[in-house]
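> Whatever this is, show me its structure:
(chains A and B)
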Amino acid sequence: GAGVSQSPSNKVTEKGKDVELRCDPISGHTALYWYRQSLGQGLEFLIYFQGNSAPDKSGLPSDRFSAERTGGSVSTLTIQRTQQEDSAVYLCASSSEGWATDTQYFGPGTRLTVL
Amino acid sequence: DAKTTQPPSMDCAEGRAANLPCNHSTISGNEYVYWYRQIHSQGPQYIIHGLKNNETNEMASLIITEDRKSSTLILPHATLRDTAVYYCIVRVGTSGSARQLTFGSGTQLTVLP
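Predicted structure coming up:
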């Protein structure tokens, strides 16, 4: 079946511009995560959505970052007034949280470059 | 989540089995062993997970010792496309709250032609 998809695959923007990154999770997955990964670094958790519950925004680095998930499916991560330090690969993952485990399946990521 | 220890790098000849070890001596009874990999410039890819029994799927086999303090991921016939960083993670199952993944340093597996 179809996996997690993300768009665009690459985004180059100028400092100060706003960007929107999109994630289409695996159909039926109730949980959705956004992470970012800087070059050569590990995963940095950003935000978590689970069903109709309020999202866990504890990983968002600043108020310039926001995300929404419409209809429990597609999610959009928005970065306002981008800065050069926002340059990274933004990864989305989804899972169907069952009783015992919650295997996360990742999309290919969006590589964001802020000039 | 329990800490894991993996060798920083390993080589394997193409067509041979790749055996990647992971130590998790502080694992708790309700913690699962997960393996992911990340090929250069791609998103992480789930491979396999297990609790205490050995597991096999189309990608790999997972062997967990009886005391659960270590495990081995086996790629039975490694190909050049298996060159990646492999991450062993120990984590509790779902808890209804954010269960973000944290990758350690992992093992850089290089499959040689």
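> what sits up against the helix or strand of chain A with the lowest mean pLDDT?
One helix or strand of chain A scores below all others by mean pLDDT, DSSP states H and E: strand A:44-50, with a mean of 91. Strand A:44-50 is contacted from outside by A:30-38, A:55-61, A:65, A:67, A:69, A:75, A:77, A:88, A:90, A:97, B:96, B:98-102, using Cβ atoms under 8 Å, 6 or more residues apart in numbering or on different chains. For glycine as for every other residue, the C-beta is placed from the backbone atoms N, C-alpha and C.
> and if we set it to 7 Å?
A:30-37, A:55-57, A:59-60, A:65, A:67, A:69, A:75, A:97, B:98, B:100 (Cβ atoms under 7 Å, 6 or more residues apart in numbering or on different chains).
> Mind listing the strands the helix or strand that comes right after it pairs with, and their directions?
Using DSSP states H and E, the helix or strand that directly follows strand A:44-50 along the chain is strand A:65-69. For strand A:65-69, the paired strands and their directions (DSSP bridges) are strand A:75-79 (antiparallel).
> Return the set of buried residues in the least confident helix or strand of chain A.
Residues of strand A:44-50 classed as buried by neighbour count (16 or more other Cβ atoms under 10 Å in any protein chain shown): A:44, A:45, A:46, A:47, A:48, A:49, A:50.
> okay, that strand in PDB with CA atoms only?
The C-alpha trace of strand A:44-50 is given here as PDB (Å, rounded to 0.1, in the frame of the first residue of the first chain):
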ATOM      1  CA  GLU A  44      14.500  16.300  16.700                       C
ATOM      2  CA  PHE A  45      10.900  15.900  17.600                       C
ATOM      3  CA  LEU A  46       8.600  18.800  16.700                       C
ATOM      4  CA  ILE A  47       4.900  18.000  17.200                       C
ATOM      5  CA  TYR A  48       2.600  15.000  17.600                       C
ATOM      6  CA  PHE A  49      -1.000  14.600  16.600                       C
ATOM      7  CA  GLN A  50      -3.200  11.700  17.800                       C
END
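> Measure how far that strand is from the centre of its chain, please.
On the basis of Cα atoms, centre = their mean, to the nearest Å, strand A:44-50 sits 7 Å off its chain's mean C-alpha point.
> okay, the angle between it and strand A:75-79?
Here strand A:44-50 runs at an angle of 140 degrees relative to strand A:75-79 (axes from the mean of the first three to the mean of the last three Cα atoms, to 10 degrees).
> Let's see the distance spanning stretch B:58-78 from one end to the other.
With Cα to Cα, to the nearest Å as the measure, the ends of stretch B:58-78 fall 13 Å from one another.
> Contacts for it next, please.
B:12, B:14-25, B:27, B:33, B:35, B:47-48, B:50, B:52, B:54-55, B:82, B:86, B:88, B:111.
> Repeat the analysis, applying 6 Å as the threshold.
For stretch B:58-78, contacts defined as Cβ atoms under 6 Å, 6 or more residues apart in numbering or on different chains pick out B:12, B:15, B:17-23, B:25, B:27, B:33, B:35, B:47-48, B:50, B:52, B:54-55, B:82, B:111.
> repeat for stretch B:23-32
Applying Cβ under 6 Å, 6+ apart, the contact partners of stretch B:23-32 are A:101, B:2, B:4, B:5, B:49, B:51, B:68, B:69, B:70, B:90, B:92.
> how about 10 Å then?
Stretch B:23-32 is contacted by residues A:100-103, B:1-7, B:33, B:49-52, B:64-65, B:67-71, B:88-93 when judged by Cβ atoms under 10 Å, 6 or more residues apart in numbering or on different chains.
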